[in-house]
Structures are given as structure tokens and as C-alpha cells.
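Student: quick one, fold the following:
(4 chains, ligands or ions: 4)
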2 protein chains.
Amino acid sequence: MTNKINLNNLTKSEEDYLKALFQLLIEDDSVKVGNNQLAEYLKVSPASTNNMIKKLKAKDYVISEKYGKLDLTEEGKAIAVRLIRKHRLWETFLYNYLNFTWDEVHDVAEQLEHIKSQKLIDELDRFMDFPKNDPHGEIIPNADGEYFILPRITLSSLSEGDVCQLVAVDDGSVNFLKYVSKIGLVLSSEIKILEIREFDKSIRIQFDNTVETVTRKFADNVFVKKVV
Amino acid sequence: MTNKINLNNLTKSEEDYLKALFQLLIEDDSVKVGNNQLAEYLKVSPASTNNMIKKLKAKDYVISEKYGKLDLTEEGKAIAVRLIRKHRLWETFLYNYLNFTWDEVHDVAEQLEHIKSQKLIDELDRFMDFPKNDPHGEIIPNADGEYFILPRITLSSLSEGDVCQLVAVDDGSVNFLKYVSKIGLVLSSEIKILEIREFDKSIRIQFDNTVETVTRKFADNVFVKKVV
DNA sequence: TAAAAAAGTTAGCTATGACTAACAAGATAA
DNA sequence: TTATCTTGTTAGTCATAGCTAACTTTTTTA
Ligand SMILES: [Mn+2]
Ligand SMILES: [Mn+2]
Ligand SMILES: [Mn+2]
Ligand SMILES: [Mn+2]
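Tutor: Ligands and ions are numbered 1, 2, ... in the order given. The predicted model follows:
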């Protein structure tokens, strides 16, 4: 009787629900996650999530009381972290070896993360010499299933005159990523906040001798660490 | 209106059926393929294949008359060939870059061949510098969808005294492939037929200073070209 | 604190892709 | 040529995973 978690008898859907719940639980730190919120995140109906949550509770991956909020068991979390590890390793492979761009990697990694083979992911990791971060700057969970969150704040939380360094970008929107690339921002870019316009909260930033004005919504998706 | 075939709206099952039918049609050259034969090959019930064939006929990938034999349309064939291309490119990647063994690649490639991304497969091909053969010796169909069959005969078809070179092995059985590796046979091995025992058709062969006796069944799965 | 809104649940439907059991058509053999 | 076997088809069932519509519970607001 080993202690190893069996990742191999979950459907693609079950995996996606566990990963989504994990991501909602860490995003809104300590804020409870509800059924409808999960439904909206996954773009399915509340009836669908309610149904799946029942199944995942029966399998001891999810905990919740009737009409109550959702939580993951340790096993549920472990499965989610392994999926995130696979997702980010594949994104790194596509980006570093197969000429995929920032905005192209996510959708294909969404498919590749469900391939069932422990050896495949171990060897991919070794082949790339155990990368630490994915192309969007996020930390890749290690083989032991340890999940670390990059210390970061959003660009929108800074004040005029602050200087920061780009550490990660949200990879949820292709259009956003194309936009980031187009204006020339890359990981580690040093960004100075020139001006925050009170009227619409738009922000004038400077980096690499470029000056751009970006919206608050844009700045919410850019993660930085403060330098000055 | 382009001439391109849309590979992206087929389910995994539909793809597997088209590929299976293609492989049966080229294996038993010109011999007709029936519903039950396809069912046995795919290890599903005849009712299941009958059902799927109806769907594939409606989509114009398969041709057949009621109670008649099965055939693929040009479009059906093109989809099958593209799947085989993906399968063999992934096997090559796993074998050449990720330390997978001969017998390990097939099952994972069965999953990877269904990932939907044209760029992924084009770039994987380029990354490996356009390999011509997969790890079992089979020819990888090119990007234009051309399918070539390796000129070959089975080891079992040779006579005493013949000398041949191993060009491919059947990749259907893990146990068979492990056995081939264990006795030391590799692609391009030069094999001499020392003796064919009439009693049970077992064959004594010699290669690289090794002498082995193999069964007829084994020799049926070893593909060679005659040297002498 | 009662009404309204939001959140969660249930019932019943659909599609896909398996299955078994019963049946029909075609091929083979006596 | 008729009986038998093989092959193919159909009907009906199940599991998975979606959906809508109706309902219940909880939370918020007036
Ligand atoms: Mn991603
Ligand atoms: Mn996914
Ligand atoms: Mn194979
Ligand atoms: Mn397949």
C-alpha cells in the first residue's frame, strides 16, 4: 500500500474542475468559493458544477456542505498542483523549443496537461533542465508537488514615481498577451510609473525608452515587484 | 473557400475509428474490411462500430452499403494519414529526446496524436529536423499527407541461408517489443537464417555473433529486407 | 423583519459512445 | 436448395457531461 496519489483514473472534466477550484481558492485568498462562481469561471451552468462537485465529493477530492462553500481536500489540491505543473512545463516547452508565442502556448497546454504519463512529464522536465518559471513568469511546481506563489503586486497598485520590474502576466486572455508583446514589454522589463490620471485611472508608464499609456484593466493583469 | 481539411471538429473516437479503418485497409491490401473486423481490431462491440460508421458516413469520411464492406473517402484517408503522421512524430520525439524505450512510446503517442494544433506538429517536425522514420522503422508521412509504405517482407517468409536486414517491427505489443530489445535486435541489424525447423516452424537466426531461436509468431512481426 | 435578490439544488432533457440481446441478411456447406 | 453459420443491424440500456427551467435556501436590502 503506497502513499502515491493515482492521477490516472480522473476524466479530463474532473481534472479541469479540480484545477479551476484550486485556482479560485488561491486567487481570492481566504475568500470562500461558491458553486456559481466556479460555474462562471469554467463557463458552464451552475447545474453542471453542482453535479460535478457531487462526484468529486464522493471521491474525496472536494469538501462542502449543502448550500455551503467549496474546498479541496489535500488529495484534491495535490491533483490540481500536478496539473498546473504539467500545464506550465508544456507551456515552457512550446515557448522555448517550438517557437510558440506568449499568447499561443496556453490553449495547447490546456490539452497537453491531460496526457497521462508520469514518465512523460518527468522526462520533459529533465530535457528542459528543470525550468523554474513558465513563459508568463509563473513558478512551475516541482516534482514533489510543492506550490509556490511568486511574490508580486499588480502594476495598478503602484503610485506615481514608483519603479518596478515585470515578473509575470496573467495568461487568461490571448488579446491581452498580444497587446503586452506588441508594446514591447517582456519579463524583467523595468517599468516607471510616470503619471496616474485621476479621471479614468489610466497610467503613463515608461520602459526601455518607450512611453505608453495603459488602462487600469491592463495594469490589473500585469504583475510586478517594486524596485524603487 | 479553401481546400484544407478541417481536422479540428472530430472527436477522439471518430479519429480512432478512421485511423483503425485505414490501417486495416492498407494491411489486408485489397481485401475488404467488414464491420465485425473493425470491431475486433478496436476491441469494441460490433454494435459500437456499426453506430460510429453511420456517423462517419453522414460526415462523408466513410463509404459503405448496407450489409456491405467499408471504405474510406479521400477525406477520410487524409485524416487517417495525418493522425499516423502525428503518432509517429510523437513516438520519435519520445524515443529520441525523452529516453522512452521502444515498447513505451506507443501508448503515450496514442494520447498525443489527438492534440489539436497544426503548429504543434509542424514545429515538432522542424525541431527534430524532419525525421524520416519512427523508432519502429515505419516511414513518417510528410506534411503534404503523402503516405509511403516501407518495402519489406516478414522474417518468417525467408528461407534457410538467407541474409536480411531489420527495417521495422510491429509496434502493437509491448511484450513483443521488450522481447526484441532483450535479445539485442535493433533497426538495421543484419540477420542470417541458420535453420527453419519443420516441426514447429521455429527459426534459428544469427545476428551480431548472437544465435537465437525464435517462433514463427515472433518472425511474423519482424519486417526485413533481403540482403542475400 | 419581511420582501427581494442571489446562490445553490433538483428534475428532466440532450448528445456521445460504450454495452447486451435479439434479429435480419448474406455466405457457406450439406 | 435448404439449413447453418457468420456477419451486420437494430432496439434498448448505461455512464459521462453538458443544458434549461423550476424550485429551495441563504443572504441582502429596504
Ligand atoms: Mn496557461
Ligand atoms: Mn485543462
Ligand atoms: Mn505506434
Ligand atoms: Mn488514438
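Student: so how far is DNA strand C from the closest residue in space to residue A:173 that isn't next to it in sequence?
Tutor: Distances taken as CB to CB, 6 or more residues apart in numbering or on different chains place residue A:221 nearest to residue A:173, at 7.5 Å, with adjacent residues excluded. For the C-beta atoms, the positions are set from N, CA and C on the backbone; glycine is no exception. The gap separating residue A:221 from DNA strand C is 23 Å, by CB to the nearest atom of the strand, to the nearest Å.
Student: I'd say residue A:221 and residue A:176 touch.
Tutor: Yes: judged on CB atoms under 8 Å, residue A:221 makes contact with residue A:176 at a distance of 5.6 Å.
Student: which neighbours do those two have in common?
Tutor: Counting by CB atoms under 8 Å, 6 or more residues apart in numbering or on different chains, the contacts common to residue A:221 and residue A:176 are A:169, A:170.
Student: what does stretch A:190-205 contact?
Tutor: Residues outside stretch A:190-205 that contact it (CB under 8 Å, 6+ apart): A:155-156, A:158-166, A:185, A:206-208, A:211-216, A:219, A:224, A:227.
Student: can you pull the buried residues of that stretch?
Tutor: Neighbour-count burial for stretch A:190-205, counted by 16 or more other CB atoms under 10 Å in any protein chain shown, picks out A:191, A:192, A:193, A:196, A:202, A:203, A:205.
Student: after the strand or helix carrying residue A:77 comes which helix or strand?
Tutor: Per DSSP states H and E, residue A:77 falls inside helix A:74-97. Downstream of helix A:74-97, the next assigned helix or strand under DSSP H and E is helix A:105-112.
Student: near ligand 2, anything from that next one?
Tutor: Yes: applying CB under 5 Å from the ion, one finds helix A:105-112 touching ligand 2 at residue A:110.
Student: which outside residues touch the helix or strand just after that helix?
Tutor: Toward the C-terminal end, the helix or strand that comes next after helix A:105-112 (DSSP H and E) is helix A:118-127. Helix A:118-127 has contacts (CB under 8 Å, 6+ apart) with A:7, A:85-86, A:89-90, A:93, A:131, A:143, B:94, B:97-100, B:104, B:108.
Student: need the buried ones from the residues you listed selected in PyMOL.
Tutor: With 16+ other CB under 10 Å as the criterion, this PyMOL line picks the buried residues out of the contacts of helix A:118-127:
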select buried, (chain A and resi 7+85+86+89+90+93+131) or (chain B and resi 94+98+100+104+108)
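Student: so what pLDDT did the closest residue to ligand 4 within chain A get?
Tutor: Residue nearest to ligand 4 within chain A: residue A:115 (12.0 Å; CB to the ion). Residue A:115 is assigned 98 on the pLDDT scale.
Student: likewise for residue A:173?
Tutor: Predicted confidence (pLDDT) for residue A:173: 89.
Student: how many neighbours does it have?
Tutor: 14 (other CB atoms under 10 Å in any protein chain shown).
Student: for it, what are phi and psi?
Tutor: Dihedral angles of residue A:173 (phi, psi; degrees, to the nearest 10) stand at phi -120, psi 120.
Student: and it, how far from residue A:107?
Tutor: 11 Å (CB to CB, to the nearest Å).
Student: repeat for residue A:43
Tutor: Separation of residue A:43 from residue A:107 (CB to CB): 14 Å.
Student: out of these two, which sits in the more crowded spot?
Tutor: Between residue A:43 and residue A:107, counting by other CB under 10 Å, residue A:107 is the more crowded of the two (12 against 7).
Student: roughly how far apart are residue A:77 and ligand 3?
Tutor: From residue A:77 over to ligand 3 the distance is 35 Å, taken as CB to the ion, to the nearest Å.
Student: for the residue lying closest to that residue once chain neighbours are set aside, list the residues it contacts.
Tutor: Residue nearest to residue A:77 in three dimensions, not counting chain neighbours: residue A:22, with 6.2 Å by CB to CB, 6+ apart. By CB under 8 Å, 6+ apart, the contact set of residue A:22 is A:72, A:76, A:77, A:80, A:81, A:84.
Student: phi, psi for residue A:22 please.
Tutor: phi -60, psi -50.
Student: any idea how far it lies from residue A:148?
Tutor: Distance from residue A:22 to residue A:148, by CB to CB: 14 Å.
Student: can you give me the helices for chain A?
Tutor: A:12-27, A:35-42, A:46-58, A:74-97, A:105-112, A:118-127, A:174-183, A:216-220 (DSSP state H).
Student: mind listing what's buried in the longest one?
Tutor: So that's helix A:74-97. Applying 16+ other CB under 10 Å to helix A:74-97 flags A:76-95 as buried.
Student: same check, this time on the second one
Tutor: Using 16+ other CB under 10 Å as the burial criterion, the residues of helix A:35-42 that qualify are A:35, A:37, A:38, A:39, A:41, A:42.
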